[in-house]
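Trainee: how does the following fold in three dimensions:
(5 chains, ligands or ions: 4)
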Amino acid sequence: MKVDWTTFWPKIVEALGETIIMVILTLLIASMIGIGIGLMFFVTREGNILENKTVFSILNILVNVIRPIPFIILLVAVSPLTRTLMGTTIGTMAAVFPMTIAASFAIARVVESNLVSIQPGVIEAAQAMGANPVQIIFTVLIPEALGPLILGLTFITVALIDFSAMAGTVGGGGLGAIAMSYGYQRFDTSVMVVTIVILIVLAQGAQYLGNYLSRFFLRR
Amino acid sequence: MKVDWTTFWPKIVEALGETIIMVILTLLIASMIGIGIGLMFFVTREGNILENKTVFSILNILVNVIRPIPFIILLVAVSPLTRTLMGTTIGTMAAVFPMTIAASFAIARVVESNLVSIQPGVIEAAQAMGANPVQIIFTVLIPEALGPLILGLTFITVALIDFSAMAGTVGGGGLGAIAMSYGYQRFDTSVMVVTIVILIVLAQGAQYLGNYLSRFFLRR
Amino acid sequence: SSSAEGNDEKLVKLGVSSADGPVWDLLVEKAKSEGINLEIIELVDWQLPNDALVNGEIDINAFQHLAFLSQYNVQRDANLVPIGSSFVGPKGLYSEKYNEISEIPNGASVAISNDPANMGLDLSLLESAGLIELKDGVGIFGTTEDVTNNPKKLEINAMNAQQTPRALEDVALSAIYNSIAGRAGIDPNNVLYENDPLSIEGLPYVNVFAVRAEDVENETYKKVATLIQDPEIKEAYKKDTAGQGEVVDVSVKDLKQTLERLMNE
Amino acid sequence: MIKFDKVTKTFGSDGQEVHAVKDVSLTINKGEIFGIIGFSGAGKSTLLRLVNLLERPTFGKIIVNEKEISTISQTELRKLRSRIGMIFQSFNLLSSRNVAGNIAYPLKLAKVPKDKRDERVEELLRFVGLEDKVNKYPEQLSGGQKQRVGIARALATSPDILICDEATSALDPETTEEILNLLKKVNKEYDITILLITHEMHVIRSICSRVAVMEDGKVIEQGNVYDIFSNPQSKTTRNFISSVLNDNLSPRLLDRLHREHSGNIYRLIFTGGVSSKPIISQIAKKYNLDFNIMYGSIHELQDQLYGNLIVELIGTDSIVKEAVNELREIVEVKEVLGSESRLDHVLA
Amino acid sequence: MIKFDKVTKTFGSDGQEVHAVKDVSLTINKGEIFGIIGFSGAGKSTLLRLVNLLERPTFGKIIVNEKEISTISQTELRKLRSRIGMIFQSFNLLSSRNVAGNIAYPLKLAKVPKDKRDERVEELLRFVGLEDKVNKYPEQLSGGQKQRVGIARALATSPDILICDEATSALDPETTEEILNLLKKVNKEYDITILLITHEMHVIRSICSRVAVMEDGKVIEQGNVYDIFSNPQSKTTRNFISSVLNDNLSPRLLDRLHREHSGNIYRLIFTGGVSSKPIISQIAKKYNLDFNIMYGSIHELQDQLYGNLIVELIGTDSIVKEAVNELREIVEVKEVLGSESRLDHVLA
Ligand SMILES: Nc1ncnc2c1ncn2[C@@H]1O[C@H](COP(=O)(O)OP(=O)(O)OP(=O)(O)O)[C@@H](O)[C@H]1O
Ligand SMILES: Nc1ncnc2c1ncn2[C@@H]1O[C@H](COP(=O)(O)OP(=O)(O)OP(=O)(O)O)[C@@H](O)[C@H]1O
Ligand SMILES: [Mg+2]
Ligand SMILES: [Mg+2]
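Mentor: Ligands and ions are numbered 1, 2, ... in the order given. Sure thing, here's the model as predicted:
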């Protein structure tokens, strides 16, 4: 009853493609949202360029309302929205939406913690030159924190590779789902090993790329 | 049949206790290990005080071998170890071990990305005063990065609150497990809402504490 | 820690699927009046309770049907045996959009469970409903790979068992235990086709109390397994599942035979 | 024009208050180069940072180009700031941009088109002598190179007002002179108002027209550079000036002079114009005295000569006395006694 | 003792190489105060950072206290470093420690017991005048205050060697003088070797015994401060010295002097001792000339007087010529022509 590897390989290849698509898609959208929220966190912080207690508190609460919710429950909770946005609540694409929400909020926190270590002097210098908040965000905050930011996003990427297994819950594909349903649930160690090795290779690749880029942008 | 709240509350209170124990215990142990590995990442980095390509690469690969593995599979994979160490693979304490592994490696990455933004000048100053690597770690690296480090650990804490639900699926209990079994699996929205509200309150509390401490140590 | 000895003082650890929640509280009460200190360990996941049983971390588990148990025994080379039956309930094919199986259009999507035992059952439901054909002799653990004929070109989506009721809105047809459908608030009239749980084909899907082989004669454990037949518990379970599930009493002999058969498939 | 009207800036809150700037009123006219001097921690940087509202005043009004800046809108403030070039004490370069990128940054903010930007950057790079560092990142630069990037960046958009916090502190004397000449040039040619802080009194001497002296948050003295230098009122000011005027003999040397020279030692203080009369030789001939110039200096200050010399008058006491009396009619004369360790003993 | 033996330091790799220090050989004797001057980017900081191996030399040997430092073990290196105090150009204070914590830090590393540590910190705080800032964090300090914390920190463990990178650049003249006096004192009392970089020539003048001039990575001149000041060999050195000697008339003023004064203008250069003879008045009387002292200064340099004066000689051309000839026997005399914009025109 173990899988027949001759027919199983194509399935793995397909799943690899699904994982990559899920991770990249989630990462792209979540980065945009997450970096946005993270920046908002930072700029509305006490003593910062757009100091705003109300906005900061609202964001802070919002993010922390979503983050502790177990993913499966989040998935169910947002399913009406998923249906509206993606047309369905099942399948790989339907998993991307709740994954994106979870990842966005995680990224927001990572971005926030990376931004606080920017030297306040350079922000001041930009302000003194008349830069508006948007300019400060794009020309100072992001570039100055790029090294650690990339490491942070790499962290999230590897987490997403792990996380993408959750897609299986709603009938989505991907290597993680295969590892779960063909390996774990069927007690088939060979499938587990193969899929996880591929997941690990993916993660290593992402990490190498992240390390390389962060070193490049860190200039240190 | 929905739950009977008069008898259900004690269960929730008990679960809250379990969640808190799981999260705090995991956080404590994982912080020690994770900060340790994160520091090793940083100090063995190219151009750093204990530059060592071999150690860096080994750690890098090790961490990325573990992180992309879906948590449930990790849990099964380490269960022999869990049994040896904790005497059992089920229950709250048994959940702590795999959670600690996962959290340690996540913390290691967070720590690494926070350390890279330390001004190299202060490390140099300590070196110039004859500080040895251990002294540099405890008197420069950790205190100088403490603000963002605390934010990073807060991030992990909130993630652990979410995560403890997954660990709960192996009999570990906790609010997440209640949300899953009485709420999700039994389609009882009231249970879901109550448990998740409590989880959110926990997360908010952790975040407020983290924000407060980080601001205190950031001196900015 | 656990013990194989049937001692009244001893704690008996019973691993259950948390989905069946309240019934177990009643069982604990009943056990207490019999002098048995029963501890319920709720497990959301379905894979670990058997490992835990094999390793002696729990004494009995009651979350799986024979089909699932047989699969575990085979794959893990384990020897867990049933000492009593618990619940059973029909599983049906539900739809919110259609009233007849024949109305299901070409290319429609169908939601089934992704765990091996339930997937096999769901596929066999689809087969008996005349929607697909499965490979000959596929047994009860068929997978989507075993579909040999799919005249309506149905798109079969496998997902978590708890997710099939939730996906109902997005699919033409969804395989759901009637008991769960009740809890999920699905109109029982939406069932287009259901199986008979107590037929020969249904027997593999009777949930059982399982123990390690060496404990098969443990009186305390046996007692626990029979306590479920208490009328009060039976009633409670019926109520919990909106009448869709029931506690059944299948002889241990039949259970063992069925398990044997399944393991040889 | 920059006007401080009773400005106070307090850091921290109750118990821990630091009054960095206290009730300062000051007017810097359009087109002038105004210097601020004072002890470390006197509040100079804070005062400067109030000009473009990097710090908000706790009390008082600050008027820049006819506008009370603490009341203007954010948009107006940004517009104003873009017309104010600032050189920071700690440089504050963007570590993610190379030298060219840092200098181009304000031009980018001002939406100057790429080709013009490149042209201007090249021009500035040439000026600050960093053509060969164009692609280097701040951490690859020496202290002075970073400071020069900061200067070039502040000048990039040809601002109306330039505020410089220790703009030449990390520079060698020759580079400093070049930078000062540039500042003078931009000040003249474009009528740029320059407000600068410095610890180097020769910077004040060579480019400022007016100067304010700060102590403990307050402006204790202000005025024309020539007046302040030639007639300082406070002890602080005198000490500062003496550092550049070289009119301050070490006690040891003074003792040696007294020991080795039998004559009477006097300090002659020359101010505006007087120095260009041959008084010493005339008096020497008239009274048949000998003058021995031992120490001191005569400087150029705002196109005037100014300074003091310590001289020994060799002759009989009575003749020396007569000669000193005649000298007193032309220049200020002070007798130098025992140990004159500080200018303040003489002038006090 | 610090000895550089053909030391070269190159940053970056192929194509992008920066030769910060080139083939430098230099010996700093035990107990001396040695100054390094040079243009911004000349390689001074890099040279300094080689002393405690914050930078590793690309070629060459560096010997500190009889040991070739690039070959010693990490433990020995740390021990050596703990005996070398360093003041950084950019302060490098620990932002997570307050003023007291920063100063106590090296003492903590050296495992000095708490009570002794507190005592020493208090003493140092008093010395650098930061008693009231003891609990402040670096970002709450002014530039000069940060620098003073850096100085106190470097002195905390009473090191054998002190290396200072622009240790007084952010300080006002009076505080600078105090710090310099302290350095002189520790140098004398504890025989501490001090290697310092500065842009302020008066720092060199007031505390250094020897000085090296760097240009483009190389040491182009080195020697006794008096010799270098009174007889600079290279153009760079001359320019640096002129910045402090005030012997450099602006072309505009010179033109004015020439216009306003009919007489002949000469520069008289006094070196060691000569200045304490009443030559000017003697010559004036002898030739019945008038001297008009227009500009210049006479300084104290390592207990000697040294300087130059620009004087107008008023008299008939032939008498002036004779007088100048006699003056030439006693002091160096140069005629000051048209526009003398730079000292190098005169001395070259
Ligand atoms: N990490 C580095 N990478 C590349 N080049 C560097 C690096 N550090 C210094 N340099 C270069 O080496 C040269 C010497 O620098 P150094 O800091 O020693 O100069 P400096 O004499 O101290 O100048 P300043 O007086 O301006 O501080 C400079 O041209 C500088 O740009
Ligand atoms: N953010 C702050 N919080 C608390 N005190 C501050 C802060 N910034 C400055 N101060 C204090 O205000 C006073 C004035 O500081 P300021 O930087 O204006 O001095 P400064 O005249 O520029 O000195 P320096 O010449 O040393 O640069 C100092 O005592 C300083 O410690
Ligand atoms: Mg300042
Ligand atoms: Mg330098």
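Trainee: just give me the residue closest to the centre of the chain.
Mentor: Chain wasn't specified; assuming chain A. In chain A, the residue lying closest to the centroid (C-alpha atoms, centre = their mean) is residue A:103, at 3.8 Å.
Trainee: ah, I was thinking of chain D
Mentor: Central residue of chain D (C-alpha atoms, centre = their mean): residue D:204, at 2.7 Å.
Trainee: which element is that residue on?
Mentor: helix D:201-207 (DSSP states H and E).
Trainee: got the contact list for the next helix or strand after that helix?
Mentor: Next along the chain after helix D:201-207, taking DSSP H and E as the criterion, comes strand D:210-215. Strand D:210-215 is contacted from outside by D:24, D:26, D:28, D:32-39, D:42-44, D:47, D:204, D:219-225, D:228, D:234, D:236-237, D:240, using C-beta atoms under 8 Å, 6 or more residues apart in numbering or on different chains. Backbone N, C-alpha and C define where each C-beta goes, glycine included.
Trainee: residues near the closest residue to residue D:47 other than its chain neighbours, how many?
Mentor: Nearest non-adjacent residue to residue D:47, counting by C-beta to C-beta, 6 or more residues apart in numbering or on different chains: residue D:21, 5.3 Å away. As a burial measure, residue D:21 scores 29 neighbours (other C-beta atoms under 10 Å in any protein chain shown).
Trainee: cool, residue C:103 as well?
Mentor: Residue C:103 - counted by other C-beta under 10 Å - has 12 other residues nearby.
Trainee: list the contacts for residue D:203?
Mentor: D:35, D:168, D:176, D:180, D:196.
Trainee: distance check, it against residue E:38.
Mentor: Per C-beta to C-beta, to the nearest Å, residue D:203 is found 20 Å from residue E:38.
Trainee: go on, residue A:119?
Mentor: Distance of residue A:119 to residue E:38, given as C-beta to C-beta: 29 Å.
Trainee: now do the contacts for residue C:249.
Mentor: Neighbour list for residue C:249: C:85, C:229 [criterion: C-beta under 8 Å, 6+ apart].
Trainee: tell me the secondary structure for it?
Mentor: Using DSSP: H, G, I helix; E, B strand; the rest coil, the structure places residue C:249 in coil.
Trainee: again with residue D:269
Mentor: On the three-state scheme (three-state DSSP), residue D:269 is labelled strand.
Trainee: is it bridged to anything, and to what?
Mentor: residue D:308, residue D:332 (DSSP bridges).
Trainee: dump the residue contacts of the nearest residue to residue D:178 once chain neighbours are set aside.
Mentor: Nearest residue to residue D:178, sequence neighbours excluded (C-beta to C-beta, 6+ apart): residue D:129, at 7.8 Å. Taking C-beta under 8 Å, 6+ apart, we find residue D:129 in contact with D:148, D:175, D:178.
Trainee: what's the burial count for residue D:332?
Mentor: Residue D:332 sits with 16 neighbouring residues when counted by other C-beta under 10 Å.
Trainee: an error on my part: the question was meant for residue A:212.
Mentor: The local packing of residue A:212 (other C-beta under 10 Å) involves 12 other residues.
Trainee: buried residues in the helix or strand where it lies?
Mentor: Using DSSP H and E, residue A:212 falls within helix A:189-218. For helix A:189-218, burial by neighbour count (16 or more other C-beta atoms under 10 Å in any protein chain shown) applies to A:191-192, A:194-196, A:198-200, A:202-204, A:206-207, A:210-211, A:213-215, A:217-218.
Trainee: alright, I will stop here.
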